[in-house]
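Asker: Next input, structure requested:
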Amino acid sequence: MKTAGLFAGIGGLELGLTRAGHQTDFVCEISKPAREVLRRHLKNADLFGDIRDLADLPANIDIVAAGFPCQDLSQAGATAGISGARSGLVNEIFRLAKKRRPRWIVLENVPFMLRLADGAAMLHVVNSLENLGYRWAWRVVDAFGFGVPQRRERVFIVASTEGDPADVLLVDDAVLPRPDSRIGTIAHGFYWTEGRGGLGWAANAVPTLKNGSTVGIPSPPAILLPNGRIIKPDLRDAERLQGFPEDWTLPTEKVAPKQARWGLIGNAVCVPIATWIGRRLADPGTYDRRRDSSMLKGDKLPRAARFDGSKRMVVDIGPDPIGLAPPSLTSFLRYPGVPLSARATAGFLDRTRRSTLHFQPGFLKAVEAHLAAHT
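Answerer: Next comes the predicted model:
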């Protein structure tokens, strides 16, 4: 099917759908550095800038794919909600869909939108889809179960005017256990820019790659290796952790500093997840309605749900559609990374000492040893 990518970023959804056999004909992205990436890698797609200036979609589009802005919906953001200046741009998708009525819509965002303001953002999205005559399904999935050592949960929404989105998003389910912490045996990822209110701790994986920290520092996570070294991963490994080829974001350096690539990678959609969705769009399964239970008004929004055209249902399903275990983090990394500086390490330790967080036994001692070795 022919795809239009809105809020395309560096093309994670588009690359995944292409790998599944679909064709990206049109992309819309306002960020100049991201546009350099799209221009390099999606040479056959028409490229547009500000979605607010887009009057209509191309006539032949079957799928609209969009990882709409999350800044107002994430815990690390301003939490202004769906009415915020950035995340509120999702309404541009509905404006365009009303004119062109694509057969399928695929959306992606942070799962915190299910909790913020009692799920007001998600309710706005699904209400808008229903008003346009779409059936929908949503599901929280984790990149860790798609063969990459990154703990990255995102909520995906699939809607259609002709098919059943549940047959795409809610068919596959393969439970994958998460590894336990074993300091000195496996690698552990964490955010060195945190330390007081959170850590982003991940065993044998990195925590969610993101645009920046809660204190506004665009930064990679840190990795405590089994030998006690603490490093920041190489940009090329970060791209691979999102399912992109190495140096996918290199074109941005024409117009922006190298550090800007971290934000683009952190904002991207994980490519293997988009590939799975694309394959199910091409070859839907059959949804098992025994997973259904009633969605009661006033209940907390579930991690998976669907609308069959007449009623909304809670769906009992996990975050691992294919359950593909990733390699160990140490074996996944191709590049040595950069040691976490003494200044960064000392700042992190200072924040942990003023926090009420509980840390894994041996973790802070390992951080202190790293600091001693680099001062």
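Asker: Could you list the low-confidence segments of the stretch 101-250 of the chain?
Answerer: With pLDDT under 70 as the threshold, the stretch 101-250 of the chain has low-confidence stretches at 212-218.
Asker: where exactly do the helices run in it?
Answerer: 120-131, 166-169, 235-241 (DSSP state H, counting those that start in this stretch).
Asker: Show me what the shortest one is in contact with.
Answerer: Read it as helix 166-169. For helix 166-169, contacts defined as C-beta atoms under 8 Å, 6 or more residues apart in numbering pick out 137-139, 156, 158, 277, 280-281, 284-287, 306, 308, 315. (Glycine included, C-beta is placed from N, CA and C.)
Asker: one more time with 6 Å, if that's ok
Answerer: Under the contact criterion C-beta atoms under 6 Å, 6 or more residues apart in numbering, helix 166-169 has outside partners A137, R139, V158, R280, L281, P284, G285, Y287, R306.
Asker: Nearest residue to the second one in space, ignoring adjacent ones along the chain?
Answerer: Leaving aside its chain neighbours, R139 sits nearest to A304 (4.3 Å; criterion: C-beta to C-beta, 6 or more residues apart in numbering).
Asker: wait, what's in contact with the one you found?
Answerer: By C-beta under 6 Å, 6+ apart, the residues touching A304 are R139, V315, I317.
Asker: Relative to R312, how far out is it?
Answerer: As judged by C-beta to C-beta, to the nearest Å, A304 and R312 stand 12 Å apart.
Asker: and the residue nearest to R139, what are its phi and psi?
Answerer: Recorded main-chain torsions at A304 are phi -150, psi 140, according to degrees, to the nearest 10.
Asker: Return the distance of it relative to W136.
Answerer: The span separating A304 from W136 equals 12 Å under the rule C-beta to C-beta.
Asker: before we move on, back to that, among the contacts of helix 166-169, which one sits closest to A238?
Answerer: Comparing the contacts of helix 166-169 against A238 with C-beta to C-beta places R139 closest, at 25.2 Å.
Asker: For A260, give me its contacts.
Answerer: P33, T252.
Asker: what's the answer for P319, then?
Answerer: With contacts defined as C-beta under 6 Å, 6+ apart, P319 is in contact with V140, V141, D142.
Asker: Just the element for the closest residue to the last one other than its chain neighbours, please.
Answerer: I take that to be D142. Counting by C-beta to C-beta, 6+ apart, the nearest residue to D142 once its immediate chain neighbours are dropped is P319, at 4.3 Å. Element membership for P319, per DSSP states H and E: none, as it lies in no helix or strand.
Asker: domain assignment for this protein?
Answerer: Under automatic domain parsing, the residue ranges defining each domain of the chain are 2-176+269-315, 188-245+330-373.
Asker: picking that back up, and the pLDDT for the residue nearest to D142?
Answerer: For P319, the pLDDT comes out at 98.
Asker: ok, how many other residues are close to K43?
Answerer: Neighbouring residues of K43 were enumerated by other C-beta atoms under 10 Å; the total is 8.
Asker: go on, the one 5 residues further on?
Answerer: The local packing of F48 (other C-beta under 10 Å) involves 18 other residues.
Asker: correct me, but it touches C28?
Answerer: Yes: proximity of F48 to C28 meets the contact threshold set by C-beta atoms under 6 Å, at 4.4 Å.
Asker: just the strands in the stretch 101-250 of the chain please.
Answerer: Along the stretch 101-250 of the chain, the stretches classed as strands by DSSP state E, counting those that start in this stretch are 104-109, 135-142, 153-160, 188-190, 202-203, 222-224, 230-232.
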